[in-house]
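**Q** from the sequence below, what's the structure:
(chains A, B, C and D, ligands or ions: 4)
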Amino acid sequence: MLSAGWQLAAATLRGAAPLVYGTLGGWCAERAGVVNLALEGLLLSGAFAAAVVAHTTHSAWLGALAGGLGGLALAAVYGLLVLRWRANQIVAGMGLNLLAAGLTPVLCKMLYDDTGRTPSLTLAERWQVAPLYGCWLLVAVAWFVARYTRWGLWHGFAGEQPAALDAAGVGVNRVRWVAVLTGGVVAGWGGAALSLGASSCFSRDLAAGRGYMALAALIFGRWRPVPAALACLLFGFCEAAQDRLQGVRFGSGEPVPVQFIQILPYVVTILVLAGWAGAARPPRALGTVFSREGNH
Amino acid sequence: MALPPPPAVELRALTKRFGGLLANAGVDLRVAAGTIHGVIGENGAGKSTAMKLLLGLLPADAGQIFIRGERWARPSPAGARALGLGMVHQHFLLADPYTALDNLLLAEGPGRPLLLRRDAARAELRALAQRHGLEMDWDAPVASLPVGVRQRLEILKLLAGRAEILVLDEPTAVLTPLETGRLFEQLRRLRDEGKTVILVTHKLREVMAVTDQISVFRAGRVTGERRTSETTPEELAQLMVGRPVALRWAAAPGLAGGEERLAVADLGLAAVGGAARPRLSGITFSVGAGEIVGVAGVEGNGQSELIQALLHPCDRRCRTGGTVRILGREVTRWSPRAIRDLGVGVVPEDRLREGLLPARPLWENFLLGRQREPAFQRGGLLRPAAVAAAAARAVADYDVRPPALGQAAGALSGGNQQKLILARELGRAPRLILAAQPTRGVDVGAIEDIHQRLVRARDAGAGVLLVSSELEEIRALADRTLVMFDGRIVAEYPRGGATERELGLKMGGA
Amino acid sequence: MTNRLQPIFAVAVGLALGLVVTALAGENPLHVLAVLARGAFGTRYGLGLTLAYATPLVFTGLSVAVAFRAGLFNVGAEGQLTMGALAAAAVGAVWPGWGAPGAWLAAGTAAVAAGMAWGAVPGVLRAWRGSHEVINTIMLNFIAAGLANYVTMYVLRNPASQNPETRPVGPGYMLAPWAWFAGAPVGWGLPLAIGVAVAVGWWLERSVTGLELRALGENEPAARAAGINAGRVRVLAFALAGGLAGLVAVPEVLGNTGRFRPAFSAQYGFLGIAVALLGRNRPGGILAAALLFGALQKGATDLDMETDHVTRELALVFQALIILAVAAEGAWEMVFRRRARPC
Amino acid sequence: ATAGAAEFRVGLVLDRGGKDDKSFNSSAFLGATEAKTKLGIALKVVEAPDDNAFEPMIRGMAEKRFDLIIGIGFAQQEVIQKVALQFPDRHFAIVDARVAEPNVRSLVFAEHEGAFVVGAIAAWSSPGGKVGFVGGMDVPLIHRFALAYEAGAKHANPRAVVTTSFVGLTSAAWNNPPRAHELAVSQYDSGVEVIFAAAGASGLGVFDAAEEKKKLVIGVDANQDGLKPGRVLTSMLKRVDQAVYASIAEAQAGRFAGGVREFGLANQGVDYSTDQYNAQVLPAALRQRADALKAEILAGRVQVPDYYQRKP
Ligand SMILES: Nc1ncnc2c1ncn2[C@@H]1O[C@H](COP(=O)(O)OP(=O)(O)OP(=O)(O)O)[C@@H](O)[C@H]1O
Ligand SMILES: Nc1ncnc2c1ncn2[C@@H]1O[C@H](COP(=O)(O)OP(=O)(O)OP(=O)(O)O)[C@@H](O)[C@H]1O
Ligand SMILES: [Mg+2]
Ligand SMILES: [Mg+2]
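**A** Ligands and ions are numbered 1, 2, ... in the order given. Below you'll find the predicted structure:
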């Protein structure tokens, strides 16, 4: 038996990893001014693509790659909707979540005649350890790019003051496209971490609300990559602690009803958020359409 | 004999439409190289639009642009940079959370190395800034910079981008007279270096002071061209508005020493976001009945915060110290509604943001803030007929055009929006009026009307706190003038107690 | 004119895209369309089920819409309707002897009150601590599920059933379904939903508080400057949203099962967001959108039965494609050659 | 298969887990498809997207004159009751619930008997005496499993410690393998050596954990021994497949009879699995002890607690 502390830490990291990918994916889009409510759908499509490719090619790495591409594909649809066709970003995000939730089982049925699951993967086909540190590597990359590169500056201005970016001769929508697509890839990896790492296949509704939790983490972290990732860690920790607290007794009495343990992470989140105080300020241009004419 | 040099900029029959609105209806404009060219016109005349077309920021619907005699076929922001065109926008294009340096690095545009070399850039920019006498704290976030410094930053952006043709859109709106003078010095120096400057403004005095040549915009086209040395402010005003206007007007003095309507003691508001100074400190003054107290000052010196603190004294974001008394009642912990119910009328500084529901019809905007008056509701339900009747009367009285009660308020012109707000706020017969920048973005004719309404309310016994960054407005209306600088009241003068120069110096913190 | 046709056109395009998916899955799209239409509207029973699905969606759609109109995003209708249904079932189970009109009133009031209380929490937290309502409503959904589970299992468990469910409510509480619908659980919940939709629309437009709520959503600084207490209105809006979601208890508990079951909601809270957005937060639009979603849900149930290659999730695909098609305004501008309004 | 006029038509309405949950519904599906191939019946399988969909599905089948309509899972109890009343000349069967209509056959299982036996097997296979249970949600059926499992473990080893965890709070809990995986890892980390997974499709997460941690897992409902060969100690079989198959066969032969059919250890409707996959982990000695325990239970010498009989 390893020390309980290390196990808790490991479980925290495992639980946080898909959230970190999701929150980073959301950050990519939202820092550029594009609301990303479609994280749940991005996770699902990434998870599905990863599982299918890992199963067909027997390669975990190709699967992970495909996870990114799965996210990319859905993000491309999202970009088309909100950047090209100026769809309301909340509506489009919710719509894509529904689409991904519905289409993945339909595809399972078409590909495998299975109502909601892809075939099981062997240990060798799974992508288990790399995603756990990969996401932190990405957090570091995000932090560095945002701070020290020209692209990072453009990215931030696209969400903060797009008109300035435009006046500098950089296409705002081009920057937003790149941001949305990158976010799609990153969130897709989060999906891959779910279907190849936390599970051994894709199954219906595998994301189980993690996209929304990732969004919550993003808001919690005030739209900054490192604090948002830390918020994921908090969520991961609460889950891991919850797993270990189920069945505890106070004194010699009956065990605490499991429901009260299970709601603990959510109660903690609300309390921490309330204690954190103050409304977070989103990127100023978040959710707005950039058009030179309609921006006065 | 050599041909005369081609104009630096020439616009031919430039046309731009926004939906159904013709913002530029065939603008013809020639700007000679190496001159300072003034562009004046009323609000909404289409000046900014024409400049945005020139900078490639908007596509024109028709017309042509020539730069140094050559046809510029496909305008774009990147192309403008390449041609040496640069613009300081009326609304600065700066991002608050970023440092001055980062805002400037952004302006470098594409085609630069991926990694930001901040140290190298900072050194280079320091040199450039020194050469032009424009000091700058490069590592301060823009949010913490005073407006004047922000503008300096915008100008530096152009200079760093090696712009040869500079467009400045209303650059003096946020400057003290002193700073304005310094800016004009700068512009002259730039002209003498051979650069071309286009100065957009609606302040006649300024164009007279600094330009070589003036174009007047009205209703989307250029209606007059004058050499500065050969014209007068009166002529320009007539060209702008289309009829003769009285440029100088002063209200008769009000009764001094009426009973107290507003008394503020030691009001303070803590700093935010790394700024060193509190946003307000030690604000103490009072306003009596039948008196207009003017608050002069350059924008961003705490006037907006002062109004917010008077309206929302119980909100910690608006006030962190001091007391407010209105009509003899201590209201420091009162809700905004209770304060308004005492008989306080508010003309907010940013009318679209704080005064109106742009997407809602006129009648609803007329009702906003008065929805609980017994005349307009019974048992919590609105009385649409009563509201409509009152709104129709007010709209007619204040000459809001068009008087279509069902139309969205956002579709009114700025001046008419302001009239609607006045109709609403003055219609409640308030005993205290908080009027912030009441004539901003309003044309010369309407200004006169608004001023008279305020004076009439004062004469009916209301106390008026008038916040304005237009010195002339303050001098014309205020019975007493407070000068704000850096969150404090730095001077107080009775009517006619200070020259414009003195006021200007105080506004600059001298 | 084209303006008004646009949403209908978009819905048609969304449906068509859905049919393309079914064709790819190996079904005959015409057959699928026929099954959908027949399933949803073809029989009294089918129509009844369509309406039975649509009724809760009207309530949750209104719930989301009221919050939206106040500038708030209510992702918490699921939790609010859970609490509402649980409260109604609890009243009916604890006092089973009560007779008809009083019992209805008691259970309905309990449902609305519980939904309001649950809804008010994110409103209070937003007003008091500035916490973001999206996070809090998501969290409260889970907490509501947990509490409801606990009550179902350990406080009000129905000993006569192996189902996780509460004891049945007394007979005086039940609203009998209308016979015309041949057994589908459609009854007074439906007119209630329509009436509430009309009332909410009327209240928003005509009442002082409705005006204040809309003003806050439209332009917060202006509302504040007009003396509107933003915090109070937010709490009110969220409480109202919660109460509306809580009304789902009427068709579900009083009109159908007579008890609380933890899994009874077919994602009503979540779909309510889509219904509100599709209905543009206007009561009329919400009624239409709820009917559309109800029809798809019902039609898709039949699809699974009548086809070989598609799964029950197809309803989601259809719903999603319709939402996306309606949202993609820019695409239809090209079709209808209508320019966007500025701002 | 094209439906000939004389064909016997069977409708199978699965619970929300779906035909591929590799467990309860899979088992039912298996029995029905076996009937289809062996008996040549026409079979229609549907899955309900939500609890409200059971009724239209079952009623639709009744209207379409299906000869036998089988509902899988307790959630369909009332619907079957209602529709059976309205269609007295149609035949129905329901698994896991009792419906007292003459045209309904209720197929109920003594899950607790099987859970008791696998609990004992778990304790015998766990030298440290620590065994685990991962349930989907805190619902009565899962408690029936858990209670008997714990009793079985304690019967085999009075000092056995049983850790019980539940996956989630909403019906998503039956479809959330990653959460079940984490619960299982946490149990294994704390020294648990065998986990009994009764969590629907989420159970696969427990299997993954067993594979990764090289520990043992016990499957449920269907024979899940082949899912992770060598890691699955045994599966608690609930022969829904047999029950379904037998019901179809009898009905097709015109011998449909209503009433309750109970399946337990006695008629092998509930059992534990032995096959080539678990031969290593469940050696002959253990099987003998398990069979002896079964005999004792059947003889009434060992009492198995039943959650359903407990007063709440
Ligand atoms: N993006 C836009 N969409 C719609 N209408 C616009 C837009 N920009 C400007 N307008 C309208 O075009 C007209 C001209 O605006 P413009 O900004 O050019 O005026 P201006 O002369 O610069 O006025 P001001 O002195 O107030 O700056 C105005 O009526 C304005 O409302
Ligand atoms: N965003 C808009 N949408 C629709 N119409 C607009 C918009 N902005 C301006 N307009 C219309 O354009 C016209 C000019 O507006 P603008 O604000 O420029 O007026 P103006 O000339 O500045 O008048 P005023 O002196 O009263 O401010 C107005 O009649 C107004 O109705
Ligand atoms: Mg302008
Ligand atoms: Mg104007």
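
**Q** low-confidence stretches in the chain?
**A** Since you didn't name a chain, this refers to chain A. Low-confidence segments of chain A, defined by pLDDT under 70: A:1-2, A:251-252, A:277-280, A:293-296.

**Q** meant chain D, my bad for not saying
**A** Low-confidence segments of chain D (pLDDT under 70): D:1-6, D:311-312.

**Q** cutoff 50 now
**A** D:1-5 (pLDDT under 50).

**Q** can you tell me the residue of it closest to chain B?
**A** Residue of chain D nearest chain B, by C-beta to the nearest C-beta: residue D:178 (36.5 Å). All C-beta atoms are positioned from the backbone trio N, CA, C, and that covers glycine.

**Q** repeat for chain C
**A** Proximity of chain C to chain B (C-beta to the nearest C-beta) peaks at residue C:226, 3.2 Å away.

**Q** in terms of contact, does that residue touch residue B:372 like I think?
**A** No - using C-beta atoms under 8 Å, residue C:226 is not in contact with residue B:372, being 10.2 Å away.

**Q** more neighbours: which of the two?
**A** residue C:226 (29 against 18; other C-beta atoms under 10 Å in any protein chain shown).

**Q** which residues touch that one?
**A** B:340, B:368-369, C:215 (C-beta atoms under 8 Å, 6 or more residues apart in numbering or on different chains).

**Q** go through those residues and name the one nearest ligand 4.
**A** Distances from ligand 4 to these, taken as C-beta to the ion, are shortest for residue B:368 (20.7 Å).

**Q** mind listing what the closest one touches?
**A** By C-beta under 8 Å, 6+ apart, the residues touching residue B:368 are B:356-357, B:424, C:211, C:215, C:222-223, C:226.

**Q** now it: how far from residue B:496?
**A** To residue B:496, residue B:368 is 38 Å away according to C-beta to C-beta, to the nearest Å.

**Q** what's opposite the most centrally placed residue in chain D in the beta bridge?
**A** For chain D, the residue nearest the mean C-alpha position is residue D:221 (3.2 Å; C-alpha atoms, centre = their mean). Beta-bridge partners of residue D:221, counted by DSSP bridges, are residue D:237.

**Q** now it: how far from residue D:179?
**A** For residue D:221, the distance to residue D:179 - C-beta to C-beta - is 20 Å.

**Q** for residue B:18, same thing?
**A** From residue B:18 across to residue D:179, the span is 54 Å (C-beta to C-beta).

**Q** ditto for residue B:84
**A** For residue B:84 relative to residue D:179 (C-beta to C-beta), the value is 62 Å.

**Q** what about the residue in the stretch 151-300 of chain B that ligand 2 sits nearest to, how many neighbours?
**A** Here the stretch 151-300 of chain B gets closest to ligand 2 at one residue, residue B:219, 7.6 Å apart by C-beta to the nearest ligand atom. Neighbourhood size, residue B:219 [other C-beta under 10 Å]: 15.

**Q** equivalent analysis for the one 4 residues further on, please.
**A** With neighbours defined by other C-beta under 10 Å, the count for residue B:223 comes to 15.

**Q** can you pull the contacts of it?
**A** Neighbour list for residue B:223: B:216-217, B:239 [criterion: C-beta under 8 Å, 6+ apart].

**Q** tally of neighbours for residue B:232?
**A** 11.

**Q** and if you look at the one 4 residues further on?
**A** Taking other C-beta under 10 Å as the neighbour definition, residue B:236 ends up with a count of 22.

**Q** so which strand or helix has it?
**A** Assigned by DSSP states H and E, residue B:236 belongs to helix B:233-241.

**Q** for that helix, name the packing helices and strands.
**A** strand B:36-41, helix B:204-210, strand B:213-218, strand B:221-227, helix B:444-459 (3 or more C-beta pairs under 8 Å, 6 or more residues apart in numbering or on different chains; DSSP states H and E).

**Q** and the end-to-end length of stretch B:96-113?
**A** Start to finish, the residues bounding stretch B:96-113 are 24 Å apart (C-alpha to C-alpha, to the nearest Å).

**Q** please apply the same query to stretch D:40-53.
**A** By C-alpha to C-alpha, the extent of stretch D:40-53 from end to end equals 28 Å.

**Q** list the buried residues for the helix or strand where residue B:123 lies?
**A** Using DSSP H and E, residue B:123 sits in helix B:118-131. Judged by neighbour count using 16 or more other C-beta atoms under 10 Å in any protein chain shown, the buried positions of helix B:118-131 are B:121-122, B:125, B:129.

**Q** among those residues, which one sits closest to chain A?
**A** In terms of C-beta to the nearest C-beta, no member of the buried residues of helix B:118-131 lies closer to chain A than residue B:121, at 11.1 Å.

**Q** which regions of the stretch 151-300 of chain C sit below the pLDDT cut-off?
**A** Short version for the stretch 151-300 of chain C, where the test is pLDDT under 50: none.

**Q** for whichever residue of it sits closest to chain D, what are its contacts?
**A** In the stretch 151-300 of chain C, the residue found nearest to chain D is residue C:266; the distance is 3.5 Å by C-beta to the nearest C-beta. Contacts for residue C:266 were tallied using C-beta under 8 Å, 6+ apart; they are C:53, C:297, D:49-53.

**Q** assign a three-state SS to it, would you?
**A** Look at residue C:266: counting by DSSP: H, G, I helix; E, B strand; the rest coil, its state is coil.

**Q** kindly report the same for the one 10 residues further on.
**A** Put simply, residue C:276 is helix when judged by three-state DSSP.

**Q** contact partners for it?
**A** Residues near residue C:276 by C-beta under 8 Å, 6+ apart: C:61-65, C:68, C:286, C:289.

**Q** just put those in JSON lines and tack on secondary structure.
**A** Below are the contacts of residue C:276 laid out as JSON lines (three-state DSSP):
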{"residue": "C:61", "secondary structure": "helix"}
{"residue": "C:62", "secondary structure": "helix"}
{"residue": "C:63", "secondary structure": "helix"}
{"residue": "C:64", "secondary structure": "helix"}
{"residue": "C:65", "secondary structure": "helix"}
{"residue": "C:68", "secondary structure": "helix"}
{"residue": "C:286", "secondary structure": "helix"}
{"residue": "C:289", "secondary structure": "helix"}
